[in-house]
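[1] Sequence first, then the predicted structure:
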Amino acid sequence: LEFRRVLFRSAIPGALDAFLALRGLRTLAVRLDRAESNAMELATRLKNHPKIKKVNYPSLPGDAQFEKTQRVLPHGCGGMISFEIDTTPEKTDQILESLKVITHATSLGGVESLIERRTRYEAEREAGVPMTLCRFSVGIENVEDLWSDLESALSFLSATGSRSEEHTSELQSRQYLVCR
């Protein structure tokens with residue numbers, strides 16, 4: 001009996017943990033709606049971008065899973081997009097590293113937008129995942145800020161230098177207005 005008490009002592013959340021979980025659940029629907037709305041807009045724009053080879057987003061008309069998604073998830077399929085950039089893996093990494101609003105990291109489900117190139121990991125390469133496939137967990141930021149960040153990073157493919165000073169300055173001024 002004593003062993004059981006020690007083993008399961010930390011399995012029950014404290015009052016603050018329960019309060020924080022409940023507080024997060026109260027805004028979950030609004031956060032998911034925003035992330036999904038952002039994902040749909042970005043998937044549509046990426047699909048029409050000349051430097052994007054393929055976009056995978058089941059709620060996007062034309063996706064291989066679109067019909068099935070409409071039956072199973074009629075209100076949308078969340079904030080996860082994957083896409084392939086028409087370039088080399090090395091350039092893809094440089095593009096992702098040049099992002100300013102979207103964080104180049106591995107995670108998903110948060111309020112912030114995160115992106116990664118999946119085949120940086122050996123298991124993904126062995127599974128046959130395309131070398132320039134990017135997994136993009138879309139957050140709740142302003143969709144125009146996210147698009148501006150992506151578009152500027154993708155312009156890296158045609159430019160020899162890094163991101164434009166003008167774009168960085170524009171994002172900084174928008175962030176200043178939000179934080180004020």
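    Received, thanks.
[2] quick one: low-confidence ranges for this structure?
    1-10, 159-180 (pLDDT under 70).
[3] let's go with 50 and repeat that
    Judged against pLDDT under 50, the low-scoring parts of the chain cover residues 160-167, 176-180.
[4] quick check: longest helix of it.
    The residue-count maximum for a helix in the chain (DSSP state H) belongs to helix 28-47.
[5] and it, what does it pack onto?
    Judged by 3 or more C-beta pairs under 8 Å, 6 or more residues apart in numbering; DSSP states H and E, helix 28-47 is in contact with strand 52-56, strand 80-85, helix 143-154. For the C-beta atoms, the positions are set from N, CA and C on the backbone; glycine is no exception.
[6] That one vs strand 52-56, what angle?
    Angle of helix 28-47 versus strand 52-56, following axes from the mean of the first three to the mean of the last three C-alpha atoms, to 10 degrees, is 150 degrees.
[7] quick one: helix 28-47 to strand 80-85, angle?
    In this structure, helix 28-47 runs at an angle of 20 degrees to strand 80-85, with the same axes, to 10 degrees as the basis.
[8] tell me the angle of helix 28-47 relative to helix 143-154?
    40 degrees.
[9] Could you give me the buried positions within helix 28-47?
    Residues 31-32, 34-36, 38-40, 42-43, 45-47 are the ones in helix 28-47 that count as buried (16 or more other C-beta atoms under 10 Å).
[10] Kindly report the same for stretch 79-97.
    Residues of stretch 79-97 classed as buried by neighbour count (16+ other C-beta under 10 Å): Gly79, Met80, Ile81, Ser82, Phe83, Glu84, Ile85, Thr87, Pro89, Thr92, Ile95, Leu96.
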